[in-house]
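sharing a sequence plus its predicted fold:
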Amino acid sequence: MAKRRRGDNQQSSTPIAEPYNVLRLRLPLELFDMILDYFPKIPEKVILRNPIGVAPKYGERGKVLRALSKTSRLLRNAYLSLAWEHLDGCVIYPEATHGVWFKQVSKRLERVSKGLMKCPHLVQHVRVATVTLTRCSTETVLPAFAQCLEILPNLHTLQIIHAHSQMTTALKTWFEHKRYPQIRAIMLPSCAHNVLRACSEVTRVVCIEDDGGKLVSAIGSDCKKVEVLHGIRPSANIAKRLVKAAPLLKELEITTYTIYRNGDELLPSDIKILQNFKQLSSLTIRLERNFRKEKKDALIQAAREAIQNSSFRGEKVFLDKYAEPQNFNHDSVPKDQESD
């Protein structure tokens, strides 16, 4: 019979270290949510500046969420959907490619698009796509992106913060026969109007470059359900076409400022045409700060009369605001660095 050694019945005084993941799971998920609040999403005011890309800080949130989703089963269940909620193709890391930003964003957009097509368990999570479109490798990047959008069933918002003005033909080639009925809101420059034509069910359109005339044409032919339109500068011709193109329009924001000063100057007589909308209940005019008082007052009065005289019988809203100053800062990359 073996002898019992002294201390066999005593518990060890040395604590056994718990696995790292067990210790982590003791933290409430609300604490992680509070930490994530310090990693910002891309605000709309940055997109409205029509930059070629956004600062690296807007890419950190996705990195953190993807890291959390790979830590444990509990965190994966909690954060996998958030990690892939936003398809990012516009963040620029200057140090990564020695300033060749257009190669960086194009390769990333192609890589993410092809990656999602190989991962059907992730596509259901994507709800917002924010991208920069350049002329770099259009023969491979654009078809991959166009095809990827088709397989994202819950994508409701597409934000094209920049598209090169000389890639209209390329966009038509790869998007002409595509349809994205799941998309309900889109922000884009006028030169990307061929992408808008593929979004037949869209209800909210925001123009971030030029006077919006090309977008009005796309709305009239392919997007009959538009109810909200922001960022256009309607000349008499554009205003008349818009009344016919968007009969369901309820909310309109017009501006006296565009990134590129193409087209005619906005006149009070142009604004008065907008009173012909039958469903318009909200009208906002954004003015440049350096306008003379007489000119500003005339435009505001014309806009006020347009909404008052519209045939809509419910409550009406009129607002006048100043356009956001176009002073590019650390949030975005200015246009003068574009060379794609």
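Perfect, thanks for sending it. Numbers count the residues shown, from 1 in each chain.

now Leu31: how far from Leu80?
18 Å (Cβ to Cβ, to the nearest Å). Glycine gets a C-beta too; all of them are placed from N, C-alpha and C.

pick out whichever of these two has more residues nearby.
Taking other Cβ atoms under 10 Å, Leu31 and Leu80 do not tie; Leu80 has more neighbours (18 against 9).

show the pLDDT at the nearest residue to that one once chain neighbours are set aside.
Nearest non-adjacent residue to Leu80, counting by Cβ to Cβ, 6 or more residues apart in numbering: Ser69, 4.4 Å away. You'll see Ser69 listed with a pLDDT of 90.

contact partners for Ser69?
Leu75, Arg76, Tyr79, Leu80, Ala83 (Cβ atoms under 8 Å, 6 or more residues apart in numbering).

surely Leu142 is in contact with Leu133?
Yes - using Cβ atoms under 8 Å, Leu142 makes contact with Leu133 at a distance of 7.5 Å.

how about the strands in the chain?
53-54, 86-89, 128-133, 157-163, 185-188, 204-207, 228-232, 251-255, 282-287, 317-322, 332-333 (DSSP state E).

using CSV, lay out those strands together with mean pLDDT and distance to Lys114.
Listed next are these as CSV, based on pLDDT from 0 to 100; distance: least, Cβ to Cβ, whole Å:
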stretch, mean pLDDT, distance to Lys114
strand 53-54, 92, 21
strand 86-89, 94, 12
strand 128-133, 97, 14
strand 157-163, 97, 18
strand 185-188, 98, 23
strand 204-207, 97, 28
strand 228-232, 96, 32
strand 251-255, 94, 37
strand 282-287, 93, 39
strand 317-322, 88, 42
strand 332-333, 56, 25
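
against Asn290, how distant is the residue most central in space within the chain?
The chain has Gln159 as the residue nearest its centroid, 2.7 Å off, counting by Cα atoms, centre = their mean. Gln159 is 29 Å from Asn290, where distance means Cβ to Cβ.

cool, Arg313 as well?
Taking Cβ to Cβ, one finds Arg313 at 38 Å from Asn290.

cool, and Lys70?
Distance from Lys70 to Asn290, by Cβ to Cβ: 52 Å.

Arg135 now?
34 Å.

ok, now Ile254?
Separation of Ile254 from Asn290 (Cβ to Cβ): 18 Å.

check contacts around the closest residue to Lys57 other than its chain neighbours.
The shortest distance from Lys57 to any non-neighbouring residue, by Cβ to Cβ, 6+ apart, is to Pro40 (6.6 Å). For Pro40, the contact set (Cβ under 8 Å, 6+ apart) comprises Lys57, Tyr58, Arg61.

compare those residues and tell me which has the most neighbours.
Tyr58 leads the contacts of Pro40 on contacts (other Cβ under 10 Å) with 23 neighbours.

surely that residue and Val91 touch.
Yes - Tyr58 lies in contact with Val91 (Cβ under 8 Å); the separation is 5.7 Å.

on that earlier part again, export the contacts of Pro40 to CSV and append columns for distance to Leu266.
Shown next, in CSV, are the contacts of Pro40 (distance: Cβ to Cβ, whole Å):
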residue, distance to Leu266
Lys57, 36
Tyr58, 32
Arg61, 38
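
take the residues you listed and keep only those in helices.
Arg61 (DSSP state H).

okay, now His230: neighbour count?
For His230, the neighbour count with other Cβ under 10 Å is 20.

name the nearest residue to Leu29, ignoring sequence neighbours.
Using Cβ to Cβ, 6+ apart, the closest residue to Leu29 is Ala78 (5.5 Å).

isn't the residue nearest to the centre of the chain up against Thr132?
No - using Cβ under 8 Å, Gln159 is not in contact with Thr132, being 10.0 Å away.

list residues touching both of the two?
With Cβ under 8 Å, 6+ apart as the test, Gln159 and Thr132 reach no residue in common.

and the residue nearest to Lys57, how far is that from Ile186?
Taking Cβ to Cβ, one finds Pro40 at 22 Å from Ile186.

which ones are touching Gly53?
Counted by Cβ under 8 Å, 6+ apart, Gly53 has contacts Cys90, Val91, Ile92, Trp101, Val105, Thr132, Ile161, His162, Ser332, Val333.

could you redo these as CSV and give each row neighbour count and distance to Arg304?
Output for those, formatted as CSV (neighbours: other Cβ atoms under 10 Å; distance: Cβ to Cβ, whole Å):
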residue, neighbour count, distance to Arg304
Cys90, 28, 37
Val91, 21, 41
Ile92, 24, 42
Trp101, 23, 43
Val105, 27, 42
Thr132, 26, 38
Ile161, 26, 32
His162, 30, 34
Ser332, 23, 33
Val333, 22, 38
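
of those, which is the nearest to Leu248?
Ranked by distance to Leu248 (Cβ to Cβ), those are led by Ile161 at 26.7 Å.

surely the closest one and Leu133 touch.
No - counting by Cβ under 8 Å, Ile161 stays clear of Leu133, with 9.1 Å between them.

ok, back up a step: higher neighbour count, Lys70 and Asn290?
Legend: neighbour count by other Cβ under 10 Å for Lys70 and Asn290, higher for Lys70 (12 against 6).
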